[in-house]
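Visitor: Give me a model of this one.
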Amino acid sequence: MHEALGRSRGGFTTKIHLSADGKCRPLSLLITPGQRADCTQFEAVMDKIRVPRLDLGRPRRLPDSVSADRAYSNSPIRTYLRRRGIRHTIPEKSDTKSARLRRGSHGGRPPGFDATRYKARNTVERAINKIKQFRGVATRYDKRGYIYLGTVTATALLIWLRS
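Guide: Residues are numbered from 1 along each chain as shown. A predicted model of the protein is given here:
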């Protein structure tokens with residue numbers, strides 16, 4: 001069993017990967033070691049989204065749209081979102097843009113980008129800040145990874161109950 005501890009620039013840490021709705025409430029979350037890249041966990045976080053319906057029916061699994069920062073700007077993520085029919089607003093990395101322009105007409109079109117929708121991207125950052133307001137999550141007192149995941153999940157439930 002992995003304990004989700006790893007080295008990053010800040011030291012020995014654990015990363016919390018999550019998706020959030022427009023009201024900064026966590027929809028799905030995942031913990032990984034601190035050195036793990038954010039973009040590698042994108043599909044796993046998206047696949048864990050389950051929003052129960054008020055009436056009968058299966059839980060909703062697809063968001064209307066996704067806003068993410070440049071860390072998620074790569075071809076596999078854009079292909080995943082396009083395949084599932086999810087609109088997305090992810091800025092293009094500068095090196096990707098220069099490589100596309102260098103190829104000329106063979107470089108393809110730039111990905112669509114809506115600046116007004118991108119302003120809502122900070123909801124995920126605010127959701128992480130809400131979770132880290134709880135001391136047990138921020139300092140990670142729990143030694144075991146599954147117990148820490150339970151602590152983060154209980155914190156997310158408290159956030160949902162308070163909203």
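Visitor: can you give me how far the worst-scoring helix or strand of the chain on mean pLDDT is from the chain middle?
Guide: Ranking every helix and strand in the chain by mean pLDDT, DSSP states H and E puts strand 6-8 at the bottom, with a mean of 79. How far strand 6-8 lies from its chain's middle: 19 Å, per Cα atoms, centre = their mean, to the nearest Å.
Visitor: which residues sit against that strand?
Guide: 12-15, 32-36 (Cβ atoms under 8 Å, 6 or more residues apart in numbering). Bear in mind the C-beta positions are built from the backbone N, C-alpha and C, glycine included.
Visitor: Just the buried residues out of these, in PyMOL syntax.
Guide: This is the PyMOL syntax for the buried subset of these, where burial follows 16 or more other Cβ atoms under 10 Å:
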select buried, resi 13+14+15+32+33+34+36
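Visitor: Name the nearest of the contacts of strand 6-8 relative to P26.
Guide: The closest of the contacts of strand 6-8 to P26 turns out to be K15 (Cβ to Cβ; 14.3 Å).
Visitor: Would you confirm that that closest one belongs to a strand?
Guide: Yes - counting by DSSP: H, G, I helix; E, B strand; the rest coil, K15 is found in a strand.
Visitor: got a list of what it touches?
Guide: Applying Cβ under 8 Å, 6+ apart, the residues near K15 are 8, 31-34, 36, 38.
Visitor: does L149 sit in a helix, a strand or a coil?
Guide: helix.
Visitor: so it sits right up against L18, yeah?
Guide: No - using Cβ atoms under 8 Å, L149 is not in contact with L18, being 11.7 Å away.
Visitor: Now do the strands in the protein.
Guide: 6-8, 11-20, 26-33, 65-67, 87-89 (DSSP state E).
Visitor: Buried deepest among those strands, which one?
Guide: strand 26-33 (a mean of 20; mean count of other Cβ atoms under 10 Å).
Visitor: Next, the contact list for the closest residue in space to L18 that isn't next to it in sequence, please.
Guide: Using Cβ to Cβ, 6 or more residues apart in numbering and skipping residues adjacent in sequence, the residue nearest L18 is L29, 4.1 Å away. L29 makes contact with 16-19, 45, 48, 152-153, 156 under the criterion Cβ under 8 Å, 6+ apart.
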